[in-house]
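Participant: I would like to see how this sequence folds:
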Amino acid sequence: MSNNVLLNNVDHRDLRVDPRRGAAFGDDVMYAPTFPDEFRNVQAHYPIVFHRDASGGFHALALFGLQEGANLFLEANGEGERWDATYIPLSIQRQPFLIGMAGEERLVHVDLDHPRVRAGTGEVLFQDPGIATEFLERARSILLALHDGIVATPPFIEALLRHELLESFVLDIQLDDGSLNRLAGFHTIDEARLQALDGAALERLARDGHLLPIYMVLASLSRFRDLIERTNRRRAAGR
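Facilitator: Below you'll find the predicted structure:
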């Protein structure tokens, strides 16, 4: 359960947030939401896929593993863990903070029950006399970028659906230990359909800023090889 409250410099003057990475802080997840303006950074490390929710809507995800609850980018690092990539999606970076809306105003909230907060150690959020620290200012910037990116995503999804560019896929994998594994339940870009679009459709996609993110998604699919290799290494190490 979460306990989201509006952050303020009176009630939360002594609040600390642990910035370390690890399963204990909620990082051991298979995927996280992403958005078109983030695709360039995400595709360098993670496959980008699409998932249809219960209402039928699609969401873009950065994939960290091949099964639920497995983040292949978390690695042991001395007494703790580290995230083995130079870029971490903003939806992960923002934790334990959230954006709340009061009319048109965007306000920072914090989950008081998040393990990064319950740890009671880490970065302070306010300095005397109640001024936000550099750590909190960076968190606020992450939240605003994430909020703007997610709000701007529906037109991109609508364009994909309009041109019937989303297709479901199944990835069957045989690991080095001989075990067979299947990844299903996700969608990707239908490359054949994309190549068949006429010039006017491609021009409109480019003009609306959708064509580059589409190619970033296609480029990201090569990162599945990395997920398979990381899975093989974990299996070989007995993890």
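Participant: rest of the way, CA atoms for contacts and neighbours
Facilitator: Fine.
Participant: how about Ile228: what's its closest non-neighbour residue?
Facilitator: Nearest non-adjacent residue to Ile228, counting by C-alpha to C-alpha, 6 or more residues apart in numbering: Leu175, 7.4 Å away.
Participant: check contacts around that neighbour.
Facilitator: Leu175 makes contacts with Asn181, Ile228, Thr231, Asn232, as judged by C-alpha atoms under 8 Å, 6 or more residues apart in numbering.
Participant: do you know the pLDDT at it?
Facilitator: Leu175 carries a pLDDT value of 91.
Participant: my guess is Ser220 meets Leu61, correct?
Facilitator: No - the pair Ser220 / Leu61 is not scored as a contact, 11.4 Å apart, by C-alpha atoms under 8 Å.
Participant: which helix or strand contains the most centrally placed residue in the chain?
Facilitator: Nearest to the mean C-alpha position of the chain, by C-alpha atoms, centre = their mean, lies Ala32 at 3.3 Å. Using DSSP states H and E, Ala32 sits in strand 31-33.
Participant: pLDDT on that strand, on average?
Facilitator: On average, the pLDDT along strand 31-33 is 97.
Participant: C-terminal to the longest helix along the chain, what's the next element?
Facilitator: Assignment by DSSP state H gives helix 134-151 as the longest helix of the chain. Once the chain leaves helix 134-151, the next helix or strand it forms, by DSSP H and E, is helix 153-162.
Participant: could you list the paired strands of the next helix or strand after that next one along with their orientation?
Facilitator: The C-terminal neighbour of helix 153-162 among helices and strands, as given by DSSP H and E, is strand 166-174. Strand 166-174 pairs in its sheet with strand 180-189 (antiparallel), by DSSP bridges.
Participant: now the angle from the partner strand to helix 153-162?
Facilitator: For strand 180-189 against helix 153-162, the angle by axes from the mean of the first three to the mean of the last three C-alpha atoms, to 10 degrees is 100 degrees.
Participant: buried stuff in strand 180-189?
Facilitator: Using 16 or more other C-alpha atoms under 10 Å as the test for burial, strand 180-189 gives Phe186, His187, Thr188, Ile189.
Participant: need the contact list for the third one.
Facilitator: Shown in contact with Thr188 (C-alpha under 8 Å, 6+ apart): Ile48, Val49, Phe50, Leu166, Glu167, Ser168, Phe169, Val217.
Participant: dump the residue contacts of the third one.
Facilitator: This points to Phe50. Each residue near Phe50 by C-alpha under 8 Å, 6+ apart is listed here: Phe58, His59, Ala60, Leu61, Phe186, His187, Thr188.
Participant: on the three-state scheme, it is what?
Facilitator: Under DSSP: H, G, I helix; E, B strand; the rest coil, the three-state class of Phe50 is strand.
Participant: show me the beta-bridge partners of it.
Facilitator: Counting by DSSP bridges, Phe50 is bridged to Ala60, His187.
Participant: same question for the fourth one.
Facilitator: Beta-bridge pairing for Leu166 (DSSP bridges): Ile189.
Participant: how about the contacts of Leu175, which pair is most distant?
Facilitator: Spanning the widest gap among these are Asn181 and Asn232, at 11.6 Å by C-alpha to C-alpha.
Participant: tell me the domain ranges of this structure?
Facilitator: The record's domain parsing of the chain by automatic domain parsing lists 1-16+95-143, 27-86+152-232.
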